[in-house]
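Undergrad: compute the structure for the input listed below.
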Amino acid sequence: MANPFEFLQQVRSEATKVTWPTRRETLITTALVVLMVIVASIFFIAVDQTIRIVLGFILSLGR
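TA: Here you go, the predicted model:
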């Protein structure tokens, strides 16, 4: 095992190799995530309401 000082030097060396996204890339990715969350929410609300209506219709047939 390396000593703590050597370990920190290695960590710093590896951290300099990281390619960070630009501000534009971060904003675009964030917007796409938010858009997909909205689309998924609308989809699941539609499916939920469809199932509710169909089950309500089926259960009303037994009355």
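Undergrad: what residue in the protein is the furthest from its centre?
TA: The outermost residue of the chain, judged against the average C-alpha position, is Arg63 (44.0 Å), by CA atoms, centre = their mean.
Undergrad: Ser13 and Glu6, how far apart?
TA: Ser13 sits 10 Å away from Glu6, taking CB to CB, to the nearest Å as the criterion. Where you see a C-beta, it was placed from the backbone N, CA and C, and this is true even at glycine.
Undergrad: again with Phe43
TA: Taking CB to CB as the measure, Phe43 falls 52 Å from Glu6.
Undergrad: do Glu25 as well
TA: When distances are taken as CB to CB, Glu25 and Glu6 turn out to be 34 Å apart.
Undergrad: before we move on, what about Gly56?
TA: The value you get for Gly56 to Glu6, if CB to CB is used, is 68 Å.
Undergrad: burial count for Phe43?
TA: As a burial measure, the neighbour count of Phe43 was computed by other CB atoms under 10 Å and equals 10.
Undergrad: tell me the SS of it?
TA: Look at Phe43: counting by DSSP: H, G, I helix; E, B strand; the rest coil, its state is helix.
Undergrad: and the pLDDT at Met1?
TA: Reported pLDDT at Met1 in the predicted model: 61.
Undergrad: spatially central residue in the protein, please.
TA: By CA atoms, centre = their mean, the chain has its centre lying nearest to Val33, at 6.1 Å.
Undergrad: check which helix or strand it maps to.
TA: Using DSSP states H and E, the element containing Val33 is helix 23-61.
Undergrad: counting by contacts, list what that helix packs against.
TA: For helix 23-61, there is no helix or strand it packs on, judged by 3 or more CB pairs under 8 Å, 6 or more residues apart in numbering; DSSP states H and E.
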